[in-house]
Structure formats: C-alpha cells, structure tokens
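[1] please work out how this folds:
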Amino acid sequence: QVQFVESGGGLVQPGGSLRLSCAASGFTVSSYAMNWYRQAPGKGRELVASISNVGGLRNYADSVKGRFTISRDNAKNTVYLQMSSLKIEDTAVYYCNARVRDTAYWGQGTQVTVSS
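    Numbering: from 1, shown residues only. This is a model prediction of the structure:
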C-alpha cells in the first residue's frame, strides 16, 4: 500500500528556512518521479518542485526557483523540500505526490505559515 508521511511544516518568519520531509512506503521513491505541490487558502493546487526517477532531474515553479531545493534519500526512501528565503506568499499546505502504477497518491499535507 502506497503511503506518504509528511513532516517539517510550521510557522516561520519571512526570510527563514524550513525543510519538509516525505517518507514513503509501499514503493521505492527512486523508481518514480516525485513531486511537491502546495495549496494556499482560496487557491488551486500548484506544482512547486519535482525530481525525476531517471537522472534525478529537478524542475521548479518560477516562484520558488533559487529558493527551494528538492532532493531524495534513497536509503531512507524519503523526499525532501528545502525551503529558504521564505516569503509570506509561500504560506500554504504542502503535499507530497507521486504517480505509481498509473495511480496518483498524495500525502496528508503539512502546513507552512510564513508570518512576522
């Protein structure tokens, strides 16, 4: 059974940093593209970052380029999102996602609030 357990969210001041974790089970993260999405209040879900299964290619939304880094620890079967220089507009619920065997799976989400 595919499952994600996300952690690392919280309250941070503008300019601060957080690292989100997504621990996966039921499949191997290195075998599938992994994604981080976010959803701000009153807005749709937005793809923030992705890492491919082949070559570890990374892609980022323009709004987070240069500030966020997606990575993968195959030994821990975990994907991370390192977030730096956080802005108020980064406030959202962040979700881990992967399409495994033609089915999209989502984590429960972790809240990130950027506020002074």
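[2] center of this protein, which residue is that?
    Central residue of the chain (Cα atoms, centre = their mean): Trp36, 3.0 Å from the mean position.
[3] confirm for me that that residue is in contact with Ala98.
    No - using Cβ atoms under 8 Å, Trp36 is not in contact with Ala98; the gap is 10.5 Å. The way it works is simple: take the backbone N, C-alpha and C, and place the C-beta from them, glycine included.
[4] picking up where we left off before, next, the residue nearest to the centre of the chain: secondary structure please.
    strand (DSSP: H, G, I helix; E, B strand; the rest coil).
[5] okay, and the beta partners of it?
    Ala49, Cys96 (DSSP bridges).
[6] how about Ala24?
    Bridge pairing for Ala24 - DSSP bridges - gives Phe4.
[7] count of residues packed around it?
    Ala24 is flanked by 23 other residues according to other Cβ atoms under 10 Å.
[8] would you confirm that it contacts Ala98?
    Yes - if you go by Cβ under 8 Å, Ala24 and Ala98 touch, sitting 7.4 Å apart.
[9] tell me who's in contact with the nearest residue to Gly107 once chain neighbours are set aside.
    Nearest residue to Gly107 in three dimensions, chain neighbours excluded: Phe4, at 3.5 Å (Cβ to Cβ, 6 or more residues apart in numbering). Phe4 sits next to Cys22, Ala23, Ala24, Cys96, Ala98, Tyr105, Trp106, Gly107, Gln108 when contact means Cβ atoms under 8 Å, 6 or more residues apart in numbering.
[10] list buried residues within those.
    Among the contacts of Phe4, those classed as buried by neighbour count (16 or more other Cβ atoms under 10 Å) are Cys22, Ala23, Ala24, Cys96, Ala98, Tyr105, Gly107.
[11] mind listing what the nearest residue to Val5 once chain neighbours are set aside touches?
    Leaving out its chain neighbours, the residue that sits closest to Val5 by Cβ to Cβ, 6+ apart is Ala23, at 4.7 Å. By Cβ under 8 Å, 6+ apart, the contact set of Ala23 is Phe4, Val5, Glu6, Ser7, Lys76, Asn77, Thr78.
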